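A.B. asks: have a look; sequence and predicted model below, questions after that.
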Amino acid sequence: MTNIVCIGAGYVGGPTMAVIADKCKDCRVTVVDINSKRIDAWNSDSLPVYEPGLDEVVFRNRGKNLFYSTDIPAAIKAADIIFVSVNTPTKTFGSGAGKAADLQFLEKTARSIVEYAEGDKIVVEKSTLPVRTAQALSQVLHANTRGLKFQIVSNPEFLAEGTAIEDLNHPDRVLIGGMDTPEGHAAVDKVADIYRHWVPEDRIITTNLWSSELTKLVSNALLAQRVSSVNSISALCEKTGADIDQVASVAGRDSRIGARFLKAGLGFGGSCFKKDILNLVYLCEHYGLPEVAAYWESVVKINDYQATRFVGNMLSSMFNTVADKKIAILGFAFKSDTGDTRESPAIAVCRQLLDEHARLYVHDPKALENAKLDLAGCENVTFCEDPYEAVKGVHALVIATAWNSFKDLDYKRIYDLMEKPAFIFDGRNLLDAEEMYEIGFNVYGIGKEPKTRFRK
Ligand code: UDX
Ligand code: ADP
């Protein structure tokens, strides 16, 4: 039986290991974390991560071949393969602050592995890392004085939140990078064996270590770039009378462009896109490529601009003041079907509205607890479990996350509950603007001509 251990029980490690345990009954999978509260939650009925389908996978395997534990030394000792899935946030201090990845958690993990390992191990990088991190990892691991040998393998995770279980069950590709040596190839093959339990061979792609590390950064950068591209054009649409959904859908019909990931909105959030692009920018600067760095940095700049532009539009539409006005924020998660709010554009929108002295009523079906943390210390924010509670007496309603359930709300009832004139600022182009206008709202989408009852 192969003993698989994952260090880091977060959004990536937790679901990924649950699916590996589900598919590989001949493996024993243990997920460890220094955060005992997180581990307790993984062992409870209320998992620390919300993902459609996750509960079922965890509940049917937990205690059989899937274990969540804080006993890191025991897990390392027993492991054949160690996945490292700790957080690698953007550095907030010192050299490279604001761009480079903070690798302290990774290095601490490597040091724990050295301390507790009693035999050779395969160490798999699952966290997204700068290119050539494997080299540093190898140097820390091989500084051991007991002659232990480690093979470093890169196996980046491409799952998206909200569809993690589906993505893990049916990946477009599994990427495994290793050293170009016989031992390196053997380690890659051993990791590929895990995925061969359910992933077709032609979807398991092997490369050298550095290509694998870089591919993860580039995949996220290319996806984010599409979002920024379409968002930049949404600004032009608002000036010219073009409609961004029409433009994107027709452009996307060209099979070379493709239809997906062209939805204009408030901007991308999530733990990966911004962090990975800034990481790429830092790498380019480090390697003396300032033009390339500036190119990718503009993707983040357009993203920040989109939220600022949105609030600017709100302000000018609401007669240049929102001071003391009540505004409902429907949705706070960075995308639908997740409770995750990391880098959610809703945070920037709320903060800017609060700077304008608005009073906010925030509702999200899954992300209220995280929203409370993100806006901790802010006055004039009320968190509402019930969307109808959130809209009572407000001047405007903002759609910040494209939750499907928001489409099914009773907007006539909402209109009746709101101050008049009633505004909808649909930051995700989720609602049928014509229908909302018919009810009586003044409707502002992204990259669309506003539908208002005001005389021009
Ligand atoms: C992303 C990558 O998709 C995934 O492969 C990688 O492993 C991790 O990063 P994730 O951040 O979970 O996944 O979500 P994703 O669906 O990519 O959405 C990211 C952000 O972009 C969200 O805020 C979403 O609202 C926004 N987005 C996405 C758009 O604004 N428009 C789109 O067309 C697509
Ligand atoms: P991701 O989205 O990449 O999964 P998360 O922040 O959700 O990131 O999860 C990373 C997890 O790694 C956290 O639960 C954190 O406590 C854990 N972690 C960080 N450093 C260590 C370490 N040295 N040993 C064990 N777990 C760690």
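C.D. replies: Looks like it arrived, so ask away. Remember, predicted model here, so these are calculated numbers, not experimental data. Residues are numbered from 1 along each chain as shown. Ligands and ions are numbered 1, 2, ... in the order given.

A.B. asks: give me the nearest residue to Gly13, chain neighbours excluded.
C.D. replies: Sequence neighbours aside, Ser85 is the residue nearest to Gly13 in space, at 3.4 Å (criterion: C-beta to C-beta, 6 or more residues apart in numbering). C-beta here means a position set from N, CA and C on the backbone, and glycine is covered the same way.

A.B. asks: no, scratch that, I was asking about Leu278
C.D. replies: Excluding the flanking residues, the one nearest Leu278 by C-beta to C-beta, 6+ apart is Lys99, at 4.4 Å.

A.B. asks: contacting residues for that neighbour?
C.D. replies: The neighbourhood of Lys99, defined by C-beta atoms under 8 Å, 6 or more residues apart in numbering, consists of 90-91, 278-279, 281-282, 285.

A.B. asks: which of these has the largest number of neighbours?
C.D. replies: Greatest neighbour count in the contacts of Lys99, by other C-beta atoms under 10 Å, goes to Asn279: 27 neighbours.

A.B. asks: okay, that residue: pLDDT?
C.D. replies: You'll see Asn279 listed with a pLDDT of 93.

A.B. asks: does it lie in a helix or a strand, and which?
C.D. replies: helix 273-286 (DSSP states H and E).

A.B. asks: and that helix, what does it pack onto?
C.D. replies: Applying 3 or more C-beta pairs under 8 Å, 6 or more residues apart in numbering; DSSP states H and E, we find helix 273-286 packed against helix 209-240, helix 290-317.

A.B. asks: now do the longest one against helix 290-317, angle only.
C.D. replies: Spelled out, that is helix 209-240. Helix 209-240 and helix 290-317 are oriented at 30 degrees to each other (axes from the mean of the first three to the mean of the last three C-alpha atoms, to 10 degrees).

A.B. asks: helix 209-240 and ligand 1, any residue contact?
C.D. replies: Yes. For helix 209-240 and ligand 1, the contact criterion (C-beta under 6 Å from any ligand atom) is met by 220, 223, 227.

A.B. asks: of all residues in this structure, which one is nearest the centre?
C.D. replies: Gly270 (3.0 Å; C-alpha atoms, centre = their mean).

A.B. asks: tell me which parts of the stretch 101-250 of the chain are close to ligand 2?
C.D. replies: Contact residues (C-beta under 6 Å from any ligand atom) of the stretch 101-250 of the chain with ligand 2: 105, 108-109, 127.

A.B. asks: and of the residues of helix 209-240 next to ligand 1, the nearest to Ile347?
C.D. replies: Ile347 has its nearest neighbour among the residues of helix 209-240 next to ligand 1 in Val227, at 17.0 Å by C-beta to C-beta.

A.B. asks: hang on, that closest one packs against Phe261?
C.D. replies: Yes. Here Val227 reaches Phe261: they are 6.4 Å apart, a contact under C-beta atoms under 8 Å.

A.B. asks: which one's more surrounded, the two?
C.D. replies: Counted by other C-beta under 10 Å, Val227 and Phe261 do not tie: Val227 has more neighbours, with 21 against 16.

A.B. asks: tell me how far the more buried one lies from Gly119.
C.D. replies: Going from Val227 to Gly119 by C-beta to C-beta, to the nearest Å gives 45 Å.

A.B. asks: list the contacts for the closest residue to ligand 1 within the chain?
C.D. replies: Ranked by C-beta to the nearest ligand atom, the top residue of the chain for proximity to ligand 1 is Gly270, at 2.9 Å. Gly270 is in contact with 161, 334-335, 340, 342-344, counting by C-beta under 8 Å, 6+ apart.

A.B. asks: please, which helix or strand holds it?
C.D. replies: Here Gly270, judged by DSSP H and E, is contained in no helix and no strand.
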